[in-house]
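In: I'd like to go over a predicted model; first the sequence, then the structure.
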Amino acid sequence: MKQIFSITLAIALFTFASCKRDAFKEVGNNADFRIDALGGTWSTTSVTQTDEDAIRKGFPFKMQDITSDFNLNQTKITFNLNGVNPGTFTIAYGTAAKLLKHTSGNWALDNLQKPTMVYLINGTDSVKLKINNYTDLGQVPSRLGLKLLKSAYGKTQLGYDYSLTK
Amino acid sequence: MKKIQQLFFILFALCAFNNAIGQATAVITPGSFTAEDQITIRINVSGTSLAGVSPVYIWNWSNLGGLNTNGDWTSSNETRKMTNVGPNLWEFTFTPTDFYGVNPSELKWLGFLAKAKNGNNGQTQDFAPNAVEPLIFIPTVNRVFPARVSVNDVTSVFIDQNLAPDLTQQRMTPVSVEIKLFNVSGQVGTTYTQILKKIGTKYYTASFIPSSVFTIPANAAPIRFEYKFKGTIIDANNISVPAEGPVYSKPIDPLQ
């Protein structure tokens, strides 16, 4: 009887230990990425400006929400698909500040299977956006995080974190 | 009388000689830096004994003394060769902590000069001391966020009166900030004024994008902006009168 109890307890403990919550997938894990989920019009919910130098040095004042001061929630980005490949893009700013520089052109990914960067290309000029996450791309509503980083003196100095929804 | 004339002649000749040799000019970017920031030193050797000399080498020292890796004065180390970026214009880029091989807290200032490989064949004057900012955050009455901004970036200026070192900035009721943009030739565009937003006790801010609030000609190349907080203060007769703080300056950075 004691043995049956011990075995049952061991199985129960093993089962409990196995019930570990899945960690969020990292950007670049192609299991999470579907290009068709990236297509469509994305609305901006918030934009946070980051001081990358302050983050690096551990200084205070690392970020601030700039959404309302510059009407950035009016920014809408549309990614059009060309079959299963990136196609054209348009950005409607409304009264928002034009922080993403371009209003139309072609978009591209650094890797079609495991993208980490989105390029907004207009002529010979391109704006590079780092993909913060796409774990919620397939959800309703979908969520996407893109970050515009700017550099000088050999290091990234500031960033704009766009939180988008579709 | 003749002796005095001779003395004046010698002095005049010395001055003329000095002007003929000329002084080099040097610029460090960014304008303020810590020991862990990458910096670029650009030296213009036009009109000096180094004019037309190639290659040119940098010679470094600091508050800690000389640097063995410079090589010998008569034979600079090849790693100290500067990059030619124009007629008599030479650049050298490095990160102080890596370059000097010391801890950030040890570096207080940097010194440098440009020279021919054999320093006896030409050199500039000394450029020292060039302050190295401490690698700690020092709260001040004025602040700009983020630390590095270009004319196309959201720029926020802050006044925290709790940290004000003078009575005017402590006591005034801030209302607006006056901003002026400059390039090497002077002011660019007209002065811009923005109303401040209160975000805490004696704590105010204003955010703007320079390229949106100033008309910047294509070749203007702004290098800095100046800002001044303005408001009102109650005088000895209990009357509200205009007041303003000092002018602060912030470099514009070439962010891309």
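Out: Now that the structure is in, tell me what you want to look at. All of these numbers come straight from a predicted model, not from anything done at the bench.
In: strands of the stretch 101-250 of chain B, start to end?
Out: For the stretch 101-250 of chain B, the strands defined by DSSP state E, counting those that start in this stretch cover B:109-115, B:127-131, B:142-145, B:155-160, B:173-183, B:186-195, B:197-200, B:203-208, B:224-234, B:240-244, B:248-251.
In: sec struct for the residue nearest in space to the middle of chain B, please.
Out: Among the residues of chain B, the one closest to the centroid is residue B:31, at 3.5 Å (Cα atoms, centre = their mean). What DSSP: H, G, I helix; E, B strand; the rest coil gives for residue B:31 is coil.
In: ok, it - contacts?
Out: With contacts defined as Cβ atoms under 8 Å, 6 or more residues apart in numbering or on different chains, residue B:31 is in contact with B:224, B:251. Bear in mind the C-beta positions are built from the backbone N, C-alpha and C, glycine included.
In: what separates it from residue B:254, distance-wise?
Out: 12 Å (Cβ to Cβ, to the nearest Å).
In: ditto for residue A:51
Out: Distance check for residue A:51 against residue B:254: by Cβ to Cβ, it reads 17 Å.
In: neighbour count winner among those two?
Out: residue A:51 (22 against 15; other Cβ atoms under 10 Å in any protein chain shown).
In: once you drop chain neighbours, what's closest to that one?
Out: Leaving out its chain neighbours, the residue that sits closest to residue A:51 by Cβ to Cβ, 6 or more residues apart in numbering or on different chains is residue B:146, at 3.6 Å.
In: pLDDT at the one you found, what is it?
Out: pLDDT for residue B:146: 97.
In: then residue A:4?
Out: 60.
In: surely residue B:142 meets residue B:250?
Out: No: in this structure, residue B:142 is not within contact of residue B:250 by Cβ atoms under 8 Å, at 9.2 Å.
In: any common contacting residues for those two?
Out: residue B:227.
In: ok, back up a step: from chain A, how far off is the residue nearest to the centre of chain B?
Out: As judged by Cβ to the nearest Cβ, to the nearest Å, residue B:31 and chain A stand 11 Å apart.
In: and what of residue B:119?
Out: Distance from residue B:119 to chain A, counting by Cβ to the nearest Cβ: 29 Å.
In: go on, residue B:254?
Out: As for residue B:254, its distance to chain A is 5 Å (criterion: Cβ to the nearest Cβ).
In: likewise residue B:24?
Out: Residue B:24 sits 23 Å away from chain A, going by Cβ to the nearest Cβ.
In: now do the contacts for that residue.
Out: Residue B:24 touches B:43, B:44, B:45, B:46, B:48, B:50, B:114, B:124, B:125, counting by Cβ under 8 Å, 6+ apart.
In: could the residues you listed be laid out in JSON lines, adding distance to chain A?
Out: As requested, the contacts of residue B:24 are arranged in JSON lines below (distance: Cβ to the nearest Cβ, whole Å):
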{"residue": "B:43", "distance to chain A": "18"}
{"residue": "B:44", "distance to chain A": "20"}
{"residue": "B:45", "distance to chain A": "23"}
{"residue": "B:46", "distance to chain A": "25"}
{"residue": "B:48", "distance to chain A": "27"}
{"residue": "B:50", "distance to chain A": "26"}
{"residue": "B:114", "distance to chain A": "21"}
{"residue": "B:124", "distance to chain A": "23"}
{"residue": "B:125", "distance to chain A": "26"}
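In: what's the lowest-pLDDT member of these?
Out: Lowest pLDDT of those: residue B:48, 91.
In: tell me the contacts of that residue?
Out: Neighbours of residue B:48 in contact, by Cβ under 8 Å, 6+ apart: B:21, B:22, B:23, B:24, B:122, B:124.
In: re earlier: make a markdown table out of the strands of the stretch 101-250 of chain B and add mean neighbour count.
Out: Formatted as a markdown table, the strands of the stretch 101-250 of chain B follow (neighbours: other Cβ atoms under 10 Å in any protein chain shown):
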| stretch | mean neighbour count |
| --- | --- |
| strand B:109-115 | 21 |
| strand B:127-131 | 14 |
| strand B:142-145 | 19 |
| strand B:155-160 | 22 |
| strand B:173-183 | 19 |
| strand B:186-195 | 14 |
| strand B:197-200 | 11 |
| strand B:203-208 | 20 |
| strand B:224-234 | 19 |
| strand B:240-244 | 14 |
| strand B:248-251 | 16 |
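In: ends of stretch B:109-124, how far apart?
Out: Stretch B:109-124 has an end-to-end distance of 19 Å (Cα to Cα, to the nearest Å).
In: and the contacts of it?
Out: Outside stretch B:109-124, the residues within contact range by Cβ under 8 Å, 6+ apart are B:23-24, B:26, B:41, B:43, B:45, B:48-50, B:53, B:55-63, B:73-76, B:82, B:90, B:96, B:125-132.
In: show the buried residues in these.
Out: Taking 16 or more other Cβ atoms under 10 Å in any protein chain shown as the criterion, what is buried in the contacts of stretch B:109-124 is B:24, B:26, B:41, B:43, B:45, B:48-50, B:53, B:56-62, B:76, B:82, B:90, B:96, B:127, B:132.
In: which ones among these lie within strands?
Out: B:26, B:41, B:43, B:57, B:58, B:59, B:60, B:61, B:62, B:76, B:90, B:127 (DSSP state E).
In: now render the residues you listed as TSV, adding distance to residue A:43.
Out: Shown next, in TSV, are these (distance: Cβ to Cβ, whole Å):
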residue	distance to residue A:43
B:26	50
B:41	47
B:43	51
B:57	56
B:58	52
B:59	57
B:60	53
B:61	56
B:62	52
B:76	59
B:90	51
B:127	52
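In: so residue B:112 bridges to which residues?
Out: Here residue B:112 sits in beta bridges with residue B:60, residue B:127, as judged by DSSP bridges.
In: likewise for residue A:149?
Out: Under the criterion DSSP bridges, residue A:149 forms beta bridges with residue A:159.
In: ok, now which ones touch it?
Out: Residues near residue A:149 by Cβ under 8 Å, 6+ apart: A:52, A:128, A:130, A:156, A:158, A:159.
In: emit the ChimeraX select command for whichever of those are buried.
Out: Here is the ChimeraX command that selects only those of those that count as buried (16+ other Cβ under 10 Å):
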select /A:52,130,156,158,159
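In: residues of the stretch 151-256 of chain B that sit close to chain A?
Out: B:152, B:153, B:154, B:156, B:207, B:209, B:212, B:253, B:254, B:255, B:256 (Cβ under 8 Å from any Cβ of the partner chain).
In: pLDDT weak spots in chain B?
Out: In the predicted model, chain B carries pLDDT under 70 at residues B:1-21.
In: switch the cut-off to 50
Out: By pLDDT under 50, the low-scoring segments of chain B are B:7-20.
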